[in-house]
Structure formats: C-alpha cells, structure tokens
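Student: pasting the sequence and the predicted coordinates here, then a few questions.
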Amino acid sequence: MTRYLLLCIVLLLGAKAVHAQDDISPELRDLIEQRIATIAEQLGDKSDVDLSALADQLTERLSDPINLNRTNAEDLGSLHLLTDIQINAILAHIQRFGKFISIYELQTVDGLDNATLEILRPFVTVSGEGTSRTSLKEMLANGKSEMLFRTQINIEQRKGFIGGHRDPFNSPYSPAEGSTLPDVDDPQVYDSLRANNKVYLGSPWKVYARYRFKYRRNLDFGITAEKDEGEEFFKGSQKQGFDFYSAHLFLRDIGPMKAVAIGDYQAQFGQGLVFSSGLSFARKSAYTMNITKNAQGLSPYASVNENQFLRGAGATMGFGKHFEGTAFISKKKYDANVQSLSDTSSTGFSDEQTTFSSFLEDGYHRTNAELAKKNSLEEFIYGGNINYKGKGWTLGATAAQVNFDNTLVKTSTQPYNQYEFQGNANTTYGFDWNAVYRNVTWFGEGARSSNGGLAGVTGLLVALDKRLSLAMLYRDLQRDFQGLYSSAFAESSNPWNERGLYTAIELKPSRKWVFNAYYDQFTFPWLRYQTNGPSSGYEALGQLTWTPSKAVQIYVKARTQMKPRNTSESVSGILPLVDTKQNNYRFNASYRVSSGVTLRTRIESVDYYRGSNAVDHGFLIYQDIVHRPKRGRLEFTGRIALFSTDSYDSRLYAFESDIPGVFSLPPIYGRGMRWYAMVRWSVARNIDFWARYGITMFTDRDRISSGLQEISGSNKSDLKMELRLKF
C-alpha cells in the first residue's frame, strides 16, 4: 500500500501545473457545506449516498457562473440555492423586461430578498454573449484537468483482518473473554479461514483515484477507480487493480446535439416517478419550498456508488424552438443472489430456471461469498423523453423499460411485499407538467407500470408576497405501482403504497428573520415492513432563523413525527399496531469571531415513544471550530461532541466536515464522546493536501459492531488523506 501512495505522490508532484487553485472564499465554502449538510440530514439512514456530485457542481459554478441571460429553470435549480418560486420569478422578470443589464438588477425581482441575493451572487453572472457554439478544438485547448488520490483506513483492527493483513496503522484485534483466536500464522488454518469467508481477502486500506478534464459545462471527461477496505488490489481476485472502474464522456451544445453522454451517466426526468437514476433532492427539509425535482435530463456520472448510474449512451436533441427529445440506453452488471430452481413441467421433464432473490447494492467484494455474487446479473435499460416548452409552461412524456437476464423471485414473499416487482422486465411510462402563471406554479407527474399500477404527484407553489410563500403537494402512489428507477417526493424511500398531503409556509417578516414550517399527513393503504396493517401518520416541522449580521446566524428547530408499527411486546398471532412518536428539538448557532475563524454550536435532543414502552431519550451537544483564512496555506476544522441515547431508535444525526468527495453522516447512538480534526494544506498554487482523523469513544460497551466488522474495545477511529492536483 505504501509504495502505491508514494508512486501517486511522485507522479502528481512531477506533473506540470499551469492553473491557479480555486479562489473560493471561506464564506462561500461555508455556504456550500451548509447546503450539503441540510440535504444529507434529509437522507437519514441512507448514509451510503455519495453527495460529491453536488459539491462538485456548486464548486464548478463558482468558476463558471450561470449567465442569467442564457439560463433556464433546470440550470438555476441545479444550484439548490433557490426555491422554485424564486426561479420562476427570475425567468418571469426576463420575459417581461428583457435581458438583464446588470447583476444588481436582481434586486428588483419579486421574491428575492437581500439574504438570497448575497448567496446567489457568486454563482451567476450577466453577459450579452450570443449563443455561438464553442468548437471542440477550443474546448481541448482551454479545458482544465484535475487529479485526485484518496486513501483511508480504520485504525482499530477489525475481526475480518486478523492475520495476513497486519498494518502499522491498525491496533491489534483481541478475542472476547473466554475465547481464542485461530492460529492465523499457520498457512493451512489461514487458507481455511479465507475459503470459509471468516476473514477478508484484501488489505484494510480504502483507495480512490480520479482524473477529470472539463471545459465549463460543454465538455466533461473522466476516469474513476475505487477499492473498498478488505478488497484485494492487483492480486488474487483483483488482478486488474481496483475493484470498480467508471469512465464518462459528456458533451453539451455540440452541433445539433444539446447533450451527449457516453460511458457512465445519469438520467432524470419530470418529478422522478417514471425514471430517475441517481440521488433525488426533493425531500422534506427546513427549506420548505424546495419540493420539486428540477430534473436535469442527462448528466455525467463521476461518483463511486456502484449502482446509481447508467452505462451506455444517451443523447438530447432540440427540434425547433419548442421540442426537445432524449433517448438513452444502458447495459451493466449488477451484484445479486442468483440461484437455479428446478421446474418439472407437465411433460415430466426437469427444467433449470435461473433466478435471483434480491439486489446487492453495497458494492463490497471482500470475501469469496461476496465475490461469487459480483456481476452475476445483467441489466438492460432503454427509454426516452420528449418535452415541449411553451411560454410559461412545459409538458413532457417519458417511457423506460428495465430488463434482467434472470428472473427476480423473492425467496420469502410476505403479505407486506406481495405487490412488489417480481419477474425479468418492467416498463414504466407517464407524463409530467410544469405551468407558471404570475406568482403561481403548478407541477406534477402521472406514471403507470406494466402491471397496471398507477402513481401520481402534483403540487402548487404560491408567492403571496415578497415575504410570504406557500406550498402544497399531494401524492397518490398505489400499492401495486412498480418503479425500479422511480424516485419522487414521499415519506417512504420507495414511491408506492402511500397517499399524502404536504403543506408548507415560508415567512420572511424582515431581513433578519425567517420562519419555515410544514405539516405532512400520510396514509399507507397496504401493509409495510414491521407494520402488519394499513396505517397513517404525520410529520410536522418548524424552524425560526435569526441572522442579525453576516457573521451570526442562529436557528431553533422542532420536529415531530408519528407512525404506527408492530408492538415490541411478545404477542402470539398477528402483532397489533402501536403508535411510535419521535420529537426532535435543536438549537444551532454559527458565529464568525474573526475574518478567518468561525464557531458553531449545536444542542439537540430526541424523545422516542413506542406504545406503552418507556420513553427513549437521546442527547447531543457539539462545538465546531473552523479556521479558514483568506490568505494562508493552512486551514483547520475540528469538532468535539458528547452524546447519550437510550437506544438505536433514539439515534441522532450530525453532518461532519470531511475531505472533498467524502461525506460523513453517521448515526449517533449509545454513550460517549466523538471528536475529529481536519487540516488542509495548500502545498502550492495547484496542489492541495487534506488529512483527517476522527475517533468515537464509547463508555457503554467494550465491543463495537459484530461479525467481521467487530472491533475489540470501546474506541472506533479512522484516518483519511487526499491529494489534489489541478493543471
């Protein structure tokens, strides 16, 4: 491992760099981090989601701002800084008064307050340039390259790494009291452990490398490679090196084509009900007006999630002034539990049918058992979208078919999942719309799957005043709707078996105060996992934000949610439903004590009720210090946190600053303390190096996790390092 690290450092330091590092102010980096933190906290248990694409998108927009005179709702929505009401107000202003003369003209747009203008200004510009196309030769000559190398390791040795992979960074693993470790120094014993999936095959280091070449948004080419911890590297099962490779070529506005994707890419249309690969940001949050999807159509993929992408080709072409069409095709391998079933037909002959029981989406290939499931399923997708853009309204239609070379047959069909997809092919199709009239926006989408299941979502956004906005969204997602690539606004992670009404308000009585609130009531017409009966619930949130100056922001937030679940008591027969209720309360303060130092303080508590059981409490308090000088080569970010929860149900989430491309949102439960420290060193104008160390010290256990991930002791820590070169 060390020689690979040294080799990459030598190669990177030896490269010729001709461009300066990005000049991003500390305030803007704080803004980007806050936006990503809010989105990450919406995801909750989906801690495996990679948000690096969003971070890259915001950072890139600083060096290539959106030209307000050549923009559209999709471009402005991609910033995730504006509400749909504000986006529509900007576009309506252009239609009414013509092109912007100056960026300061934004102050006259209805719905844009001064605080929003301060946030938006670095990401947009005003230019009178025409729509001339840039030649490929010019793109190649003026584009910029970036190389990244990242590695990380867990300091405490886990049970799966005993023997064979001793590393100086790891503290040794010790067995539980009363048990002994096998003699891993005996080759026969160790080979037996490997053969029986008792140890990991590879080293504990996780390694990531990426090269990317970009010219604004017109040309994007990149190659990404990753090896997870426990996977072999240039030997054994991974003689080709990394476990996962990804490459993409993406072009915009080339000849008659508006977009061309080759290799790995993403496709998102409408509100996501028919087809949406990748991550959806249309979720409930303190940004109560951000409930529409603002689908981007085709976009490049440069992340390392081994499932949330398409692999093949796609293209978008304009037809006249109003029509736009997209076609896409994808073929890639999937990890799955594939098995053979014997079927005796009426003729008496036995026939072998190959099936799979579930998708495996963690991307780990650390043992022989995990390797046996690697790329065992082939997925083939094709589809398209056609979109008509009128004056103030759009109408689109999307259709897609997903095919597998084996048949999905669930090994355990329960009443709650009997309507979920089984088979080897599924088609979804539908239409979406968005209409703007003055200060009102109406949007929605209807979809149907090949089995006849229906789903629909529609909403209204209304700006009653520059200081008051309202939102409403209704969804009816039938229990038999089957959307393998569907993603839409919903309480559940899957958009089916749900009916709900979301209402929200945003009030800005003055420049210093903002109040956001929503109430979402929902019903589940059919059974759900751990809920043996139809049920209903609600969720409500209120947040009051006070910003007395650019240096200080304080908010208080309260959230309550209720959902029925099976009782936890020992009951024979069908488990009765009991109400589960969770109340969260948060105080958060951010204050800049000097031009380069910001402090952040948070206090949060949670109460979790389940039927007549005792209340589970959770508590978290942390203090951050962020040192980001406008001039200087060193930056520092650190946190110390204390936490105490009675159970996993009363867990809390707190977004953590991390090295670029890595996002930490660990569930916090148990009792103990956590702290981390991160340093960024600008080695030269074109070279940056990050190092981060974090540790959690529990006071209520002497074993952490279980199975091959078990740690002997009460501490869990990790070290991450990243090197970036731009040229």
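Tutor: Received the coordinates, thanks.
Student: residues of the longest strand seen in the chain that come out buried?
Tutor: Secondary structure of the chain per DSSP state E: the longest strand is strand 323-344. Going by neighbour count (16 or more other Cβ atoms under 10 Å), the buried part of strand 323-344 is 324, 326, 328, 330, 332, 334-336, 338. All C-beta atoms are positioned from the backbone trio N, CA, C, and that covers glycine.
Student: each with direction, which strands does that strand pair with?
Tutor: Counting by DSSP bridges, the strands paired with strand 323-344 are strand 310-319 (antiparallel), strand 350-360 (antiparallel), strand 377-389 (antiparallel).
Student: quick one: the first one to chain centroid distance?
Tutor: Relative to its chain's centre, strand 310-319 lies at 23 Å (Cα atoms, centre = their mean, to the nearest Å).
Student: could you give the mean pLDDT of it?
Tutor: For strand 310-319, mean pLDDT is 94.
Student: which SS class is residue 246?
Tutor: strand (DSSP: H, G, I helix; E, B strand; the rest coil).
Student: go on, residue 176?
Tutor: coil.
Student: wait, it sits on residue 711?
Tutor: No - the criterion here is Cβ atoms under 8 Å, and residue 176 misses it with residue 711 at 11.6 Å.
Student: before we move on, back to that, just curious, which of the buried residues of strand 323-344 is nearest to residue 687?
Tutor: Ranked by distance to residue 687 (Cβ to Cβ), the buried residues of strand 323-344 are led by residue 332 at 34.8 Å.
Student: what's near enough to touch the closest one?
Tutor: Residue 332 makes contact with 309-312, 378-379, according to Cβ atoms under 8 Å, 6 or more residues apart in numbering.
Student: among those, which pair sits farthest apart?
Tutor: Longest span within these, Cβ to Cβ: 309 and 378, 15.3 Å.
Student: who has more neighbours out of those two?
Tutor: For residue 309 and residue 378, the more surrounded residue by other Cβ atoms under 10 Å is residue 309, and the numbers stand at 22 against 14.
Student: can you tell me the closest non-neighbouring residue to the more buried one?
Tutor: Sequence neighbours aside, residue 301 is the residue nearest to residue 309 in space, at 4.3 Å (criterion: Cβ to Cβ, 6 or more residues apart in numbering).
Student: could you do residue 249 as well?
Tutor: In space, residue 249 is closest to residue 262, 4.4 Å off (Cβ to Cβ, 6+ apart).
Student: returning to that earlier point: who touches both of residue 176 and residue 711?
Tutor: residue 703.
Student: more neighbours: these two, which one.
Tutor: residue 711 (22 against 11).
Student: list the contacts for the residue lying closest to the more buried one once chain neighbours are set aside?
Tutor: Nearest non-adjacent residue to residue 711, counting by Cβ to Cβ, 6+ apart: residue 704, 4.2 Å away. By Cβ under 8 Å, 6+ apart, the contact list for residue 704 reads 156, 698, 710-711, 713-714, 716.
Student: try 10 Å
Tutor: The neighbours of residue 704, taking Cβ atoms under 10 Å, 6 or more residues apart in numbering as the test, are 156, 158, 670, 696, 698, 710-716.
Student: in which helix or strand does residue 118 reside?
Tutor: helix 114-120 (DSSP states H and E).
Student: one more: residue 434?
Tutor: strand 423-437.
Student: that strand: which residues count as buried?
Tutor: 426-434, 436.
Student: now, which of those residues sits nearest residue 36?
Tutor: Using Cβ to Cβ, the buried residues of strand 423-437 come closest to residue 36 at residue 434, 25.8 Å.
Student: need the contact list for the closest one.
Tutor: 73, 84, 88, 270-271, 292, 294, 389, 392-396, 441-445.
Student: pull out the buried members of those residues.
Tutor: 73, 84, 88, 270-271, 292, 294, 389, 394, 396, 441, 443-445.
Student: residue ranges in the stretch 51-200 of the chain under the pLDDT threshold?
Tutor: 51-54, 128-133, 164-168 (pLDDT under 70).
Student: which stretches of it form strands?
Tutor: For the stretch 51-200 of the chain, applying DSSP state E, counting those that start in this stretch gives strands covering 66-67, 124-125, 144-154.
Student: and the stretch 551-700 of the chain, by the same measure?
Tutor: Under DSSP E, counting those that start in this stretch, the stretch 551-700 of the chain gives strands at 552-566, 577-592, 597-610, 616-627, 634-645, 652-653, 667-668, 671-684, 687-698.
Student: may I see those strands arranged in JSON lines, with mean neighbour count as well?
Tutor: Formatted as JSON lines, the strands of the stretch 551-700 of the chain follow (neighbours: other Cβ atoms under 10 Å):
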{"stretch": "strand 552-566", "mean neighbour count": "17"}
{"stretch": "strand 577-592", "mean neighbour count": "17"}
{"stretch": "strand 597-610", "mean neighbour count": "18"}
{"stretch": "strand 616-627", "mean neighbour count": "18"}
{"stretch": "strand 634-645", "mean neighbour count": "18"}
{"stretch": "strand 652-653", "mean neighbour count": "19"}
{"stretch": "strand 667-668", "mean neighbour count": "18"}
{"stretch": "strand 671-684", "mean neighbour count": "17"}
{"stretch": "strand 687-698", "mean neighbour count": "18"}
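Student: how about those, which one is nearest residue 471?
Tutor: Nearest of the strands of the stretch 551-700 of the chain (Cβ to Cβ): strand 552-566, 17.1 Å.
Student: what angle sits between the closest one and strand 597-610?
Tutor: 20 degrees (axes from the mean of the first three to the mean of the last three Cα atoms, to 10 degrees).
Student: paired strands for strand 552-566, with orientation please.
Tutor: strand 535-549 (antiparallel), strand 577-592 (antiparallel).
Student: rebuild those as JSON lines, extending it with mean pLDDT and distance to residue 601.
Tutor: Shown next, in JSON lines, are the strands paired with strand 552-566 (pLDDT from 0 to 100; distance: least, Cβ to Cβ, whole Å):
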{"stretch": "strand 535-549", "mean pLDDT": "94", "distance to residue 601": "14"}
{"stretch": "strand 577-592", "mean pLDDT": "94", "distance to residue 601": "5"}
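Student: any idea which of the ones you listed gets closest to residue 458?
Tutor: Across those, residue 458 has its closest neighbour in strand 535-549 (19.7 Å, Cβ to Cβ).
Student: what about that closest one, distance to the chain center?
Tutor: Using Cα atoms, centre = their mean, the offset of strand 535-549 from its chain centre is 22 Å.
Student: export that strand as CSV, just CAs?
Tutor: Extracted in CSV, the C-alpha atoms of strand 535-549 (Å, rounded to 0.1, in the frame of the first residue of the first chain):
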residue,chain,number,x,y,z
SER,A,535,-51.8,2.7,8.8
SER,A,536,-51.5,6.5,8.8
GLY,A,537,-49.2,9.1,10.3
TYR,A,538,-48.0,12.7,10.2
GLU,A,539,-44.8,14.8,10.4
ALA,A,540,-44.5,18.5,11.3
LEU,A,541,-41.5,20.8,11.4
GLY,A,542,-41.0,24.4,12.4
GLN,A,543,-37.7,26.4,12.2
LEU,A,544,-37.1,30.0,13.1
THR,A,545,-33.8,31.5,11.8
TRP,A,546,-32.3,34.8,13.0
THR,A,547,-29.5,36.4,11.1
PRO,A,548,-28.6,39.7,12.8
SER,A,549,-25.4,40.1,10.7
